[in-house]
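> Fold the following and give me the result.
(3 chains)
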Amino acid sequence: MNKRRIISLVLLLLISLTLVPTAYKKVSGEVEGPRLGGTLVIAHWGEPLSFNPDAQVDDAGYAIHSLIFNKLVTLDVDYNVIPDLAYKWEVSSDGLVYTFYLYDNVTWHDGEKFTAKDVKFTLEAIKKFKGVAYEDIKVENIDRIETPSDYVVKIYLKEPYAPFIQFLAWYGTFILPEHIYGNVTDWLDPNLPALQEPVGTGPFKLQEWVKGDHITLVANENFFRGRPYLDKIVFKIIPDATAALQSFLAGEADVLGHRPPLTEIPKLQETPGVIVQMEPVPSRWYMCFNMRHKPLDDVRVRKAIAMAINRSEIVEKAENGYGEVAEGTYTPAIAWAYNPNAKLPEYNPDEANRILNEAGYARGEDGFRFKLTYVSWQGPEEEAMGQIIKESLKKIGIDVEIKILEFSLWLEKVYKGDEFDFTVVDGFQGPDPANLRFRVTGETPQSLNLAHYKNEEVEKLFEEAEKIADTAERQKLYWRIQEILAEDLPYLPLVELIVFRIYKSEFHGFPWEEEARGKVGYNDYRLVWWEGGTPIEKPAATKPITDYTTAIVFVLVIVVVVAALFYVRKREKAVVEEEVAEETGIEEGEVE
Amino acid sequence: MSIKPRLDYKSKFNRFIYLWRIYSSDKLGVAGLVLLAGISLTGLLAPYLPIKNPFSIEYPRFLPPSIEHPLGTDHLGRDVFSRVIWGSRTSLIIGFTAAGISALLGVTLGSIAGYYGGLVDDILTRIIDIFLMIPVFFLILFIIAVYGSNIIYVMVVIGLLTWPSNARIMRAQVLSIREREFVQAAILMGVKNSKILLKHIIPNAIHPVIANSILQAAGAIIIETGISYLGLGDPNAVSWGRIIYEGQSYITSYWWISFFPGVAIAITVLSLYLVGETLSKIFNPKSMAVRV
Amino acid sequence: MNNLTPYIIRRGIQTILTIFLIIILNFFIINLAPGDPIRVIAGEFAFSNPEYVEALRKRWGLDKPVSERLFIYLNNLLHGDMGFSFRYMQPVAEVIGERILATLLLTFTSLILAFIIGVSLGVYSARRIGKPVDLALSFTMLLLYSMPVFWLGILLILFFGVHLRLFPIAGMFSSRVSYTGIFLVADVLWHMFLPVSTLTLAQLPIYYKITKASVIEQFNEDYVRTFKAYGLNREVIFKKYILRNAILPPITIFGLQLGFVLSGAALVEIIFGWPGMGRLLLDAAFYRDYPLLMGLYLVTAVSVALANLLTDLTYVFLDPRVKLR
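Residues are numbered from 1 along each chain as shown, chains lettered A, B, ... in the order given. All right, here's what the predicted structure looks like:
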């Protein structure tokens, strides 16, 4: 009897031990995802101008447009072209015909089906209404657009244009509904309801826009790639960077949609529950010399200025150490095109002084050789750079006057006008090095060539590079361009920029995170999920032992063991009674 | 105590002593004057004081207040203490220039309105009313945002927008003085109007305007610091408002950058108020600008 | 009272005339500003075809000379149309309308609070003049008066919002949950606390000073001495006569401040991210949104003029000594 007891107990113990690991796993607290539900609040820096995403430059609206609309193809966070509305595309060998194959299960937010005619309409509208993408996709270069079926679009170009697809994936190319914009005479007409209540194909729909305060988006249940995990996304509009940061720290927002004061980054990194992700971006701060003004037309002066500015100091003080010193004339973030041999001058103020002395720019009585005006727009980094540059150039005898203009005035005076000697700008220089063309050639305001730099060789190199498809060949040409730029120095790059993504760790699935990287566009939050949501049931094949199963098995085993124990005891009892009865001759129940 | 300066004093010096006696009876007024004098002197002598260069970026950044840097250093490595001292120059220049322009315009237009009366007076009063209704800060904000943030603009625009209050005061004064015997006598004697105005009326009527101007200087400083705080100030000058603006992003970690200039503004404005309102009490007993 | 009606009419006409002149003045200032709004709309990237820019210009009526635009504008105004905002792609009236309530919420509340608290404290101080309480209060008020309002706001944010985490520091609504009904009211009130406090504290000192001075002035009046000699109860003297007379100056100030109820909170709105007209003005100025700017000035001018009118009329009722000029 004892032996049996012991045996059954041991068995029971063994069985429970095997089940413990599964139970224990649940307790250790790793949240599995993705989960459905939740609201993501973003502290956003500005208000969109409207919900026509292709008509005007709307940097504040871009993030929001990216959730409401789709493009044919889009860029992921590494600037690769990935499918959006087109799941596949082909380019003819002569580079003149682009064929896109579209998803056939896409519906607009108002229920209409999306077809190839929407694509054709959008491209033609960009041409007709001079949308922002007009130049980058070279709309004039499109000969015709055909839609052989509802889900196939063929674009015929007049001349090959290598970066065509990159720019198609970038900016101002969101596909618009033909059934809404079709007969419109002015796509920015303020009376158009679509400007306030957009109809797109994207993973989220607009729920409400309370001007000056917030914009609420809700999940599109019928999104063609599947309903997004989040229920809602709220863009809270907080223009002031410090207020936005405080709001984020106070828990009022989940994502900080602002570049915070860079001195706060270490603090943010130490805050529990907050993730600070940093990556280099293909953008840099660079100084533009107005070469129309003497003495900036003299390359020696430009070189001297380049030598007088300690770019490390700028990274340290204006960027709080977050950034890399610029060494070359193109951004190293587009690695294949970057020429590491075309280097900028080293910091050497003594040499700078010597160059200026030799070039004949003598110092006056006040110690200054000449005066220059530095004009920039508002912003802590720009203004800090101005102060540093001013102090640096003082040392080589150049008197700098700083003018900080608000942005539209800056556009007026610097971009359109001529009232500056040098300025500082930044800007995205990807996804293809062809983008650089807009910055170093051409005339403002059509281009961004603020230095008014003219170099025929450079212009020819750009033109050639756009036409050929072979990357190695193109690289040679772009490398040569960078060499020339390093000699002529119409621009002085200062800092390679780092982008910061600051958000709460309870949210996953952002486009830069591993689980979503390469699958979604760089502004697309459709794969973002919240730890507090409800778990999604996974298909049975890969299902590990869940809690329920564990519980049921556990209970079953206990029941079986207990039943077994009872059975064993009953049997023992019966045996004992038999033995007793044998010995005493008394039956169960009889009183002695 | 409300005593109007007596016009029959033998010399200007005596008059001044007399004024001083009255003024010094008000202790707060004296305190304000001392404070103001101290600030002005510091500002004037700033280049000669043994303080660090306010523009130099060579010191370590973000140092908290210490003996070496009494108010710490800012995000570029500049000494906050010397910037605050130099900032007093900027603020006082702006304050007094703006108030000066305002006073000049106000006195001129106000005396003309009060002296000549009639249609001229009506028109000018209408204009004054209109100007008084313009929301000054709003308009300055716009003008600076649009035309650029030169410190000269700020001064001139404030002056151009605030003259009406001086004009009103001046006009009331002129109206009453005009009826005095000696003025009437001068008119009868055929003295030229302009001479009457310049030699007799204005010197006697101007006292309330002086008091008001000091208050306006304070107002101008407040407006300028407000504009600089929004980032629209002149980046080449050292302005308290701008220091606060630049330090604002770091306020949770490096509070001293934005804190001390605010204190400086408060003290300067305070001293101006004390002086201005004591003077107001003396010259303009019925006025609403009565000190606490 | 029979010279009252012509007075009202006269003042009414004056007011309208003034508003008209302000509009014209502002129109010229704004439209002659350098900077082309079309460039801003075209943005940094738009390698704009000149034809596109011209089309834009036509759409916004900016191709016509200034004087013609003025007439068009005035004509539209008379029909109740304030034009379209470049930036928001909406009628100006709508844009302002959406924000006006938010501003009024701040300014009215702080105005009334400042009045009540300031006047009470002023009276309190006047009756205990020279005593430590009075001195302490005076000193505090003096300090408050001298402090720049934005600095005060920053300090409040730092202390209450960041350090103590008691109040939100930006915006008018909580972003995560959309409250309705009583909870919405509570939410807005909670967000309102800091900005209203800042504005109230900034306006308190004026009411304090004026009231205190005014009450003291009444104390020195002959009639008070007479009443006292006759043995009238001090409290009665105070409440029935002194207070009534002394309250006039603060009311005048209140009336004057009323005029700035739409524009006075600009800095505070910007600091606290409050979606009102102050922020709207700053953004409109930056964006060169002429129609919106005009609309804002119009609304402000009208409110100031109306407030002045109201104050004058109230004064006529309250103080029979006022000559109806």
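> what about residue C:108, helix or strand, and which?
Using DSSP states H and E, the secondary-structure element containing residue C:108 is helix C:92-127.
> For the longest helix belonging to chain B, which residues meet the burial criterion?
Across chain B, the longest stretch assigned as helix under DSSP state H is helix B:80-116. Buried residues in helix B:80-116, counted by 16 or more other CB atoms under 10 Å in any protein chain shown: B:80-92, B:94-103, B:105-115. Where C-beta positions appear, they are placed from N, C-alpha and C, glycine not excepted.
> and the helix holding residue C:108, is it in reach of chain A?
Yes. Judged by CB under 8 Å from any CB of the partner chain, helix C:92-127 comes into contact with chain A at C:95, C:98, C:99, C:102.
> Relative to the whole chain's centre, how far out is that helix?
Relative to the centre of its chain, helix C:92-127 is centred 8 Å away, using CA atoms, centre = their mean, to the nearest Å.
> Show me what that helix is packed against.
Judged by 3 or more CB pairs under 8 Å, 6 or more residues apart in numbering or on different chains; DSSP states H and E, helix C:92-127 is in contact with helix C:132-146, helix C:181-219, helix C:248-259, helix C:266-272, helix C:277-287, helix C:290-318.
> Go again with 7 Å.
Helix C:92-127 is packed against helix C:132-146, helix C:181-219, helix C:248-259, helix C:277-287, helix C:290-318, with contacts defined by 3 or more CB pairs under 7 Å, 6 or more residues apart in numbering or on different chains; DSSP states H and E.
> I'd like these written out as CSV, with distance to chain A added.
Converted to CSV, the helices and strands packed on helix C:92-127 look like this (distance: least, CB to the nearest CB, whole Å):
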stretch, distance to chain A
helix C:132-146, 23
helix C:181-219, 10
helix C:248-259, 24
helix C:277-287, 5
helix C:290-318, 11
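> now the ones you listed as CSV including mean pLDDT?
Converted to CSV, the helices and strands packed on helix C:92-127 look like this (pLDDT from 0 to 100):
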stretch, mean pLDDT
helix C:132-146, 89
helix C:181-219, 86
helix C:248-259, 80
helix C:277-287, 77
helix C:290-318, 78
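> From the ones you listed, pick the one with the highest average neighbour count.
Greatest average neighbour count among those goes to helix C:277-287 (a mean of 25), per mean count of other CB atoms under 10 Å in any protein chain shown.
> thinking again about what came up before, in the helix holding residue C:108, what counts as buried?
Quick answer for helix C:92-127 (16+ other CB under 10 Å): C:92-93, C:95-96, C:98-100, C:102-107, C:109-111, C:113-115, C:117-119, C:121-127.
> helices and strands around the lengthiest strand in chain A, which ones?
If you go by DSSP state E, chain A has its longest strand at strand A:274-289. Judged by 3+ CB pairs under 7 Å, 6+ apart, the packing partners of strand A:274-289 are helix A:265-270, strand A:422-425, strand A:491-504.
> Any idea how many residues pack against residue B:67?
5 (other CB atoms under 10 Å in any protein chain shown).
> quick one: it from chain C, how far?
Computed as CB to the nearest CB, to the nearest Å, the residue B:67 to chain C distance reads 26 Å.
> Tell me if I am right that that residue is in a strand.
No. Counting by DSSP: H, G, I helix; E, B strand; the rest coil, residue B:67 is not part of a strand but coil.
> tell me the phi and psi of it?
Torsion angles at residue B:67 (phi, psi; degrees, to the nearest 10) stand at phi -70, psi -40.
> Got the confidence number for it?
If you check residue B:67, the pLDDT there is 89.
> How about residue A:476?
91.
> Kindly report the same for residue A:325.
91.
> So in terms of bridging, what pairs with it?
Taking DSSP bridges as the rule, residue A:325 bridges to residue A:495.
> Go ahead and confirm it touches residue A:315.
Yes. Between residue A:325 and residue A:315 there is a contact under CB atoms under 7 Å: 5.6 Å.
> In terms of neighbours, single out the busier of these two.
Each of residue A:325 and residue A:315 has its neighbours counted (other CB under 10 Å); residue A:315 has more, 21 against 17.
> Looks to me like that one is in a helix.
Yes. Residue A:315: assigned to a helix according to three-state DSSP.
> coming back round to it: among the helices and strands packed on strand A:274-289, which is the most enclosed?
Per stretch, and counting mean count of other CB under 10 Å, the top mean among the helices and strands packed on strand A:274-289 goes to strand A:422-425, which has a mean of 24.
> Name the next helix or strand following that strand along the chain.
That would be, after strand A:422-425 and using DSSP H and E, helix A:437-440.
> Other residues contacting that next one?
The contact list for helix A:437-440 (CB atoms under 7 Å, 6 or more residues apart in numbering or on different chains) reads A:447, A:448, A:449, A:453, A:458, A:462, A:485, A:490.
> closest to chain B among those?
Nearest to chain B out of the contacts of helix A:437-440 is residue A:448 (CB to the nearest CB; 22.7 Å).
> ok, for that closest one, nearest residue in space, not its chain neighbours?
Nearest non-adjacent residue to residue A:448, counting by CB to CB, 6 or more residues apart in numbering or on different chains: residue A:439, 4.7 Å away.
> How about residue B:103?
Closest to residue B:103 by CB to CB, 6+ apart is residue B:213, at 4.6 Å.
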